[in-house]
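[1] need a structure here:
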Amino acid sequence: MVASGNQSGSCSMTRKRVLAELSEELKAITLLRRQLDRPVSPGTKAGVAMLGVLNRHGEMRVVELAEHLCLDMSVVSRQLAHIEQLGLAVRRPNPTDGRSCLVSPTDAGREVVAEVSRTHVRQLADATATWDRADLDALAALLGRLRQELAHAPLRPTAALRGEVEGADALPQTAPR
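    Residues are numbered from 1 along each chain as shown. I've put the predicted structure just below:
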């Protein structure tokens with residue numbers, strides 16, 4: 001598929017409207033996906049993303065886990081303690097650096113990730129039951145392309161986060177990542 005529109009960086013109003021609509025649809029899908037994670041296991045909603053990263057990337061230092069999740073270490077430590085108590089993850093001393101720990105999912109943690117994945121696939125199967133294969137293939141290809149493009153795009157804080165809009169001074173200040 002060939003990209004259309006002005007390649008100079010400026011967008012026509014129609015393109016801007018389509019991009020705004022796409023942004024809203026992606027937000028709505030993100031919210032729906034979060035709702036799917038709720039019934040998996042009591043108390044694990046916050047840890048599902050953490051378990052997913054550990055399951056995909058394997059054992060890692062807590063600081064690396066925080067980086068993968070784009071979360072503060074204090075948040076990750078608190079969530080990690082909770083999923084450890086539930087028996088879903090385990091920490092062990094780092095053999096190459098005694099100051100840090102390595103964390104990995106337990107078998108129970110991997111099962112939570114598998115159940116979340118099965119739930120997501122079932123939901124997608126139900127929602128797209130009337131779609132033809134070509135539409136599914138096209139959607140998967142375009143979403144994959146979008147994910148890759150976004151992964152390589154420079155991060156730009158919103159005007160509100162830069163303090164350029166009225167009321168932005170009331171927003172909490174955070175350090176750039």
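
[2] ranges for the helices of the chain?
    13-37, 45-57, 62-69, 73-85, 107-127, 133-152, 159-162 (DSSP state H).

[3] which stretches of this structure have low pLDDT?
    Flagging of the chain using pLDDT under 70 yields the residue ranges 1-11, 37-46, 157, 159-177.

[4] Buried residues, stretch 96-112. List them.
    Neighbour counts using 16 or more other Cβ atoms under 10 Å place 101-106, 109-110, 112 of stretch 96-112 among the buried residues. (Glycine included, C-beta is placed from N, CA and C.)

[5] related to what we said a few turns ago, kindly reformat the helices of the chain as TSV and extend each row with distance to Pro93.
    Output for the helices of the chain, formatted as TSV (distance: least, Cβ to Cβ, whole Å):
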stretch	distance to Pro93
helix 13-37	31
helix 45-57	17
helix 62-69	12
helix 73-85	14
helix 107-127	19
helix 133-152	33
helix 159-162	38
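
[6] Quick check: which of these is buried the most?
    Highest mean neighbour count among the helices of the chain (mean count of other Cβ atoms under 10 Å): helix 45-57, with a mean of 19.

[7] Quick one: distance of stretch 52-62 to the chain centre.
    14 Å (Cα atoms, centre = their mean, to the nearest Å).

[8] Contacts for it next, please.
    65, 68-69, 73, 76-77, 80, 89, 91, 94, 97, 100-105, 109-110, 113, 116 (Cβ atoms under 8 Å, 6 or more residues apart in numbering).

[9] change it to 7 Å
    For stretch 52-62, contacts defined as Cβ atoms under 7 Å, 6 or more residues apart in numbering pick out 65, 68-69, 73, 76-77, 80, 89, 94, 100-105, 110, 113.

[10] Between its first and last residues, how far does it reach?
    14 Å (Cα to Cα, to the nearest Å).

[11] which ones are touching Asp107?
    Contacts of Asp107 by Cβ under 7 Å, 6+ apart: none found.
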